[in-house]
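J.: no sequence for this one, just the structure:
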């Protein structure tokens, strides 16, 4: 049974993320594997620990402006390619919050169009 509140778009959208607790506050750019109005899965070349707080920024093509959200890592696992773990490449699952209702609706409409 599906327990997600929002539809998930299986789409590669470029995102920028920063670890909030990191004193260097470096920005990392990557692509999503999928995302919704409350969560995202993206690829990282850096392992992020569960509970890590992030600042996330991405553009929904239909919205034509940057969406900025806070997020928390809820899972992280090595990426598998042909059932083999890829060295230093991870899939990161993030719960996102702080989005406006307009942003959530735009993401939901985008997800509906991509399914």
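T.: Sure thing, it's come through. Note that the structure is predicted; figures quoted are calculated from it, not measured. Residues are numbered from 1 along each chain as shown.
J.: use CA for all of it now, contacts and neighbours both
T.: Fine.
J.: any idea what the residue nearest to residue 96 when sequence neighbours are not counted is bridged to?
T.: The spatial neighbour of residue 96 that comes closest, neighbours along the chain excluded (C-alpha to C-alpha, 6 or more residues apart in numbering), is residue 71 at 4.2 Å. Residue 71 forms beta bridges with residue 54, residue 96, as assigned by DSSP bridges.
J.: how far away is residue 71 from residue 88?
T.: Distance of residue 71 to residue 88, given as C-alpha to C-alpha, to the nearest Å: 22 Å.
J.: swap in residue 67?
T.: Taking C-alpha to C-alpha, one finds residue 67 at 28 Å from residue 88.
J.: then residue 111?
T.: Distance, residue 111 to residue 88, by C-alpha to C-alpha: 29 Å.
J.: list the contacts for the most centrally placed residue in the chain?
T.: The residue lying closest to the centre of the chain (C-alpha atoms, centre = their mean) is residue 40, at 3.1 Å. Residue 40 sits next to 32, 33, 34, 93, 94, 95, 96 when contact means C-alpha atoms under 8 Å, 6 or more residues apart in numbering.
J.: now the residues you listed as CSV including secondary structure?
T.: CSV is the format used below for those (DSSP: H, G, I helix; E, B strand; the rest coil):
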residue, secondary structure
32, strand
33, strand
34, strand
93, strand
94, strand
95, strand
96, strand
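J.: with distance to residue 103 added, can I get those in JSON lines?
T.: Formatted as JSON lines, the contacts of residue 40 follow (distance: C-alpha to C-alpha, whole Å):
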{"residue": "32", "distance to residue 103": "17"}
{"residue": "33", "distance to residue 103": "19"}
{"residue": "34", "distance to residue 103": "16"}
{"residue": "93", "distance to residue 103": "20"}
{"residue": "94", "distance to residue 103": "17"}
{"residue": "95", "distance to residue 103": "15"}
{"residue": "96", "distance to residue 103": "12"}
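J.: in ChimeraX, select just the buried ones from those residues.
T.: Here is the ChimeraX command that selects the buried residues among those (16 or more other C-alpha atoms under 10 Å):
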select :32,33,34,93,94,95,96
